[in-house]
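**Q** can you look at this prediction? I've put the sequence above it.
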Amino acid sequence: MANSSAAPIMLELVDEDGTTIGTAEKLSAHVAPGRLHRAFSVFLFDDEGRLLLQRRALGKYHSPGVWSNTCCGHPYPGEAPFAAATRRVGEELGVEPALLREAGTVRYNHPDPASGLVEQEFNHLFVGLLREELRPDPEEIAEVAFVTAGELEKRHATDTFSTWFMTVLDAARPAAREVTAGAGDW
């Protein structure tokens, strides 16, 4: 049973330049029209250049059951995005990413028609390699899949993906090409 006295999860609110301007409770930052906040997205690849996708657990309050990038989330106030990305990969997938590196930032505003929530984010992107056996947390992840760029294109045409997925993938593609050394044709 959930502890009703647990402290709320707080996010960093930012301005258009990514400068911290305050904090907000996680859910309230996502209620329409949304408040611009710091986030991160991680893309991990295997040695064959295939991208690890995850299908979000059905119990998630936001975008449950949809496919998305390897891992995403929000740094705690004052937590460096790189540290937050590494932390969440461990929490969600039970692994430590190899050669994780920054891949830029992207700013977007994506309403989710299913939930009515809004992703209004200043998103820090990271790419890296995966060289350990996955141990996904079922509270976070319903399913995982490794895909080539061609397989992703087919899957994206038939499956439901997070509203932010293509925005963050497109922004991370140049760094993905470097980290996979051309093996993945990203």
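**A** Noted; the coordinates are in hand.

**Q** strands of the protein, start to end?
**A** 10-14, 20-25, 37-45, 51-56, 67-68, 71-73, 98-111, 118-129, 141-147 (DSSP state E).

**Q** deepest-packed of those, please.
**A** strand 37-45 (a mean of 26; mean count of other CB atoms under 10 Å). The C-beta positions use only the backbone N, C-alpha and C, and glycine is treated the same way.

**Q** CA-only coordinates of that one in CSV, if you can.
**A** Taking Å, rounded to 0.1, in the frame of the first residue of the first chain, the C-alpha atoms of strand 37-45 are listed here in CSV:
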residue,chain,number,x,y,z
HIS,A,37,10.7,21.7,-16.7
ARG,A,38,14.0,19.9,-16.9
ALA,A,39,13.9,16.3,-18.2
PHE,A,40,16.3,13.8,-19.8
SER,A,41,16.1,11.0,-22.4
VAL,A,42,18.5,8.1,-22.8
PHE,A,43,19.2,6.0,-25.9
LEU,A,44,21.2,2.9,-25.4
PHE,A,45,22.5,0.7,-28.2
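
**Q** pLDDT (mean, whole number) over that strand?
**A** Per-residue pLDDT values across strand 37-45 average out to 98.

**Q** which strands or helices does it pack on?
**A** Judged by 3 or more CB pairs under 8 Å, 6 or more residues apart in numbering; DSSP states H and E, strand 37-45 is in contact with strand 10-14, strand 51-56, strand 71-73, helix 81-93, strand 118-129, helix 165-179.

**Q** which among the ones you listed is found nearest to residue 143?
**A** Nearest to residue 143, of all the helices and strands packed on strand 37-45, is strand 51-56, at 4.2 Å by CB to CB.

**Q** summarise which helices and strands that closest one is packed against.
**A** Against strand 51-56 (3+ CB pairs under 8 Å, 6+ apart) you get strand 37-45, strand 67-68, strand 141-147, helix 149-158.

**Q** quick one: residues contacting the spatially closest residue to residue 63 that is not a sequence neighbour.
**A** Nearest residue to residue 63 in three dimensions, chain neighbours excluded: residue 162, at 5.0 Å (CB to CB, 6 or more residues apart in numbering). Taking CB atoms under 8 Å, 6 or more residues apart in numbering, we find residue 162 in contact with 56, 63, 66, 67, 68, 69.

**Q** can you redo these as JSON lines, where the extra columns are distance to residue 88 and pLDDT?
**A** Conversion of the contacts of residue 162 to JSON lines gives the following (distance: CB to CB, whole Å; pLDDT from 0 to 100):
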{"residue": "56", "distance to residue 88": "13", "pLDDT": "96"}
{"residue": "63", "distance to residue 88": "15", "pLDDT": "88"}
{"residue": "66", "distance to residue 88": "17", "pLDDT": "95"}
{"residue": "67", "distance to residue 88": "17", "pLDDT": "97"}
{"residue": "68", "distance to residue 88": "13", "pLDDT": "97"}
{"residue": "69", "distance to residue 88": "12", "pLDDT": "97"}
